[in-house]
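Participant: Predicted model and sequence follow; I will ask about them next.
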Amino acid sequence: MKHEALVNAITMLDDELIEEAREPFRRRIAAPVFGFCAAAVCAAAVGVFLLVPRSGGADILVMGQELSDKPIAICSDDGGDSAAVGIRAFAMLPTDISVEIVSSGKTVVNVSGGELYIVGETENLPAECPLELSGDASLVWSVPLWAAGEEYELTAQTGSDSRILLVSFDEEMQEWTVKENTQP
């Protein structure tokens, strides 16, 4: 480059560019603040996920099955032999229904008919109603099933969530069934 071209290039610079070059470099503070805020939001989300108890009530298994829209038929210990079921009804022996409650909090269980037993290591222990459980439990609900017009309810209340099981005689299936009562 010739000396005159260099002089012209320097002298023809805009005055605003020269003033901007003289000012000290301004540090951008938005990037570190944004990173700190993003880290704080992530930490709060993880803390909420880990520390806040999950609602949804208790999970209930009836005779080892999850409740669904389809009713669960109650079979006696003899494999559902209809003659044995008739003998049990005639002898007025109650039918035992196994109920497992899986809960992370305090659950209050109440029944409208029959008796509750807590499954122990050696024997079933009678339970007073309402029964307060703290965590998971295995129960036996002993219900008299000799009057086809009767209905029995088991209510499991965990916090503000409530689940109601209904034992009734299903005319279509011609069997006693357990289903979740969806009435308010």
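Facilitator: Looks like it arrived, so ask away.
Participant: rest of the way, CA atoms for contacts and neighbours
Facilitator: Noted.
Participant: how is this structure carved up into domains?
Facilitator: The chain breaks down by automatic domain parsing into domains covering 3-51, 59-180.
Participant: Export the ones you listed to a markdown table and append columns for mean pLDDT and mean neighbour count.
Facilitator: A markdown table is the format used below for these (pLDDT from 0 to 100; neighbours: other C-alpha atoms under 10 Å):
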| stretch | mean pLDDT | mean neighbour count |
| --- | --- | --- |
| domain 3-51 | 72 | 10 |
| domain 59-180 | 80 | 16 |
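Participant: which secondary structure elements does the helix or strand hosting residue 98 contact?
Facilitator: Counting by DSSP states H and E, the element that carries residue 98 is strand 95-102. Other elements packing on strand 95-102 under the criterion 3 or more C-alpha pairs under 8 Å, 6 or more residues apart in numbering; DSSP states H and E are strand 59-62, strand 137-143.
Participant: Just the helices from the protein, written as ranges.
Facilitator: Using DSSP state H, the helices of the chain run over residues 3-11, 15-22, 30-51, 82-90.
Participant: Send over the shortest one as PDB, restricted to the C-alpha atoms.
Facilitator: By that I understand helix 15-22. Output in PDB follows, covering the C-alpha atoms of helix 15-22 (Å, rounded to 0.1, in the frame of the first residue of the first chain):
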ATOM      1  CA  ASP A  15     -15.600  10.400  13.900                       C
ATOM      2  CA  GLU A  16     -18.200   8.200  15.600                       C
ATOM      3  CA  LEU A  17     -16.100   5.100  14.900                       C
ATOM      4  CA  ILE A  18     -13.100   6.700  16.500                       C
ATOM      5  CA  GLU A  19     -15.100   7.800  19.600                       C
ATOM      6  CA  GLU A  20     -16.500   4.400  20.000                       C
ATOM      7  CA  ALA A  21     -13.000   2.900  19.800                       C
ATOM      8  CA  ARG A  22     -11.700   5.200  22.500                       C
END
